[in-house]
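# Structure, please.
(chains A, B, C and D)
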Amino acid sequence: MQPSNLPTIFSITESELDLNDLLAQITLPNTGAAAIFTGMVRGETRRGEVHDTAYLEYEAYVPMAETKMKQVADEIRVKWPAIEGIAIVQRVGKLYPQTPTVLIACTAAHRDTGVFEAARYGIDRLKEIVPVWKKEVGTNGEFWVEGDYLPKPGE
Amino acid sequence: MQPSNLPTIFSITESELDLNDLLAQITLPNTGAAAIFTGMVRGETRRGEVHDTAYLEYEAYVPMAETKMKQVADEIRVKWPAIEGIAIVQRVGKLYPQTPTVLIACTAAHRDTGVFEAARYGIDRLKEIVPVWKKEVGTNGEFWVEGDYLPKPGE
Amino acid sequence: MRVKLLFFATLRDRAGMKFLELEIPEGMTVQELKDKISADYPNLKQSMQSVLISVNKEYAFDEAVIPANAEIAMFPPVSGGSWDS
Amino acid sequence: MRVKLLFFATLRDRAGMKFLELEIPEGMTVQELKDKISADYPNLKQSMQSVLISVNKEYAFDEAVIPANAEIAMFPPVSGGSWDS
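Below you'll find the model as predicted:
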């Protein structure tokens, strides 16, 4: 099967993430394994400065974010050629604690061909190059959470 | 929070796996990351002898399987103490291609505290010690798929 | 003393039954039970060489002594999970 | 020539606007655009030192020449994903 025929889903959405549906969309007749990462809004943070979060507000530069999600998927396919389906979804808007905000899922015929590593790589890269930002609103007021990665030419 | 207060779900079920629901059950107020592994029935196998599968029939020694799933969860908590919630679910009965049959999910506050490794360990251990068997029904007739792991005393 | 013996997967197919209730002497070991099953059920003789045994839902090995009222199970190496390796 | 400049996150808050259409000379580089914005919008001057810039949805660096009708965006390092690290 050529990569062009393999399902790659990337989206920025205000809707709830439906893991069952996303998984079904990237499951092919010879798929046997899927690794899925989801990130949620934490209501309580204990690492670093301990504090509570009321909600996060996400925004994206949508067309560029989609371009960069596609790039992350392409990078995954180069590094782990056995990967069959890839889904990368970022939810935006006002998101409350315990809500999944981001999902990266990778499928393959077998679990020993890189599905776990690919999902992990995907979330790491998303946080480096996909233009999405979040503002935390908590008991201490609101502030933008800033990343620290500086993309290099070609990224 | 003491491990005794942390959600641990293990079940053998004939029902469809609902990833959204299982994830919600193991998401705590300070959960920020989840790694989920699901395995599906493959309809086409290309590794080894190439063949098609019509369906798989799973059976379990249910009370022992639950005991051993709990043991897998306990082992995960010893190895990765940052893990918050754990879900281990095996679906049994007649299962058709592209259907998720097994799920291992682990949550934690942060993604760098072992969630991916714990999920991977979980599926590996499940296939070693949890008493579940499958019979493949395909174009060449039906046969039991046998594992090759021999548990050691104390497992 | 009385014990219950369950069969799963290939063992059940070869035994032609799901379980068996039987009387065994006190102090019988897992190995001695396998020998008895080999003698009483020729269909299962070959299986006894590679069978896994559990006693009261824990894996049990040749030297283990079987307690009264034990729930024993005999089955092949497990093959659960998915179809992914 | 005409280009469109979008602001996101902290840059938008400081700029007090979501976007800007402006005339720039042909051959202008990203660095020259940052200098112009620093001069024209004092609120954004400090941000120009650490801002990320994209031109037509790809990251662009100081020496890059801005093409006509470009869609340019200015924003801080990204912080998407979840709240997990």
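
# Which residues outside stretch A:130-142 are in contact with it?
Contacts to stretch A:130-142, defined as Cβ atoms under 8 Å, 6 or more residues apart in numbering or on different chains, come from residues A:12, A:51-61, A:64-65, A:68-69, A:72, A:90, A:92, A:126, A:143-146, D:8-10, D:52, D:54, D:73, D:75-76, D:78-81, D:83. All C-beta spots, glycine's among them, are computed from the backbone N, C-alpha and C.

# So which residues of chain C form helices?
With DSSP state H, the ranges of helices along chain C come out as C:10-15, C:30-40.

# before we move on, what about chain A?
Taking DSSP H as the criterion, chain A contains helices spanning A:19-25, A:62-79, A:115-129.

# chain center to the second one, what's the gap?
Relative to the centre of its chain, helix A:62-79 is centred 11 Å away, using Cα atoms, centre = their mean, to the nearest Å.

# tilt between it and helix A:115-129?
Between helix A:62-79 and helix A:115-129, the angle formed by their directions is 140 degrees, by axes from the mean of the first three to the mean of the last three Cα atoms, to 10 degrees.

# coming back round to it: quick check: which of the helices of chain C is buried the most?
Of those, the one with the most neighbours on average (mean count of other Cβ atoms under 10 Å in any protein chain shown) is helix C:10-15, at a mean of 18.

# Does chain B have contacts with it?
Yes: taking Cβ under 8 Å from any Cβ of the partner chain as the criterion, helix C:10-15 and chain B are in contact, through C:10, C:13.

# lowest average confidence, helix or strand, in chain A?
The element with the least model confidence among the helices and strands of chain A, by mean pLDDT, DSSP states H and E, is strand A:44-45, at a mean of 82.

# which one is residue A:121 nearest to, not counting chain neighbours?
Once flanking residues are discounted, residue A:121 sits nearest to residue A:76: 6.3 Å by Cβ to Cβ, 6 or more residues apart in numbering or on different chains.

# Residue C:58 contacts residue B:61, doesn't it?
No: with contact defined as Cβ atoms under 8 Å, residue C:58 and residue B:61 do not form a contacting pair (11.9 Å).

# for the helices of chain C, which one sits closest to chain D?
Nearest to chain D, of all those, is helix C:10-15, at 44.7 Å by Cβ to the nearest Cβ.

# so what secondary structure elements neighbour that closest one?
In terms of contacts (3 or more Cβ pairs under 8 Å, 6 or more residues apart in numbering or on different chains; DSSP states H and E), helix C:10-15 is packed against strand C:71-75.

# any idea where the strands of chain A begin and end?
Along chain A, the segments classed as strands by DSSP state E run A:8-13, A:33-40, A:44-45, A:51-60, A:86-91, A:93-95, A:100-108, A:132-138, A:141-145.

# Is there proximity between the least confident helix or strand of chain A and chain B?
Yes: on the criterion Cβ under 8 Å from any Cβ, strand A:44-45 is in touch with chain B at A:44-45.

# Against which helices or strands is that strand packed?
Strand A:44-45 is packed against strand A:51-60, with contacts defined by 3+ Cβ pairs under 8 Å, 6+ apart.

# Name the spans of chain A whose pLDDT lies under the cut-off.
Along chain A, the parts satisfying pLDDT under 70 run over A:1-4.

# list the contacts for the spatially closest residue to residue A:62 that is not a sequence neighbour?
Using Cβ to Cβ, 6+ apart and skipping residues adjacent in sequence, the residue nearest residue A:62 is residue A:12, 5.1 Å away. Remark: with contacts taken as Cβ under 8 Å, 6+ apart, residue A:12 is in contact with A:60, A:62, A:65-66, A:89-92, A:132.
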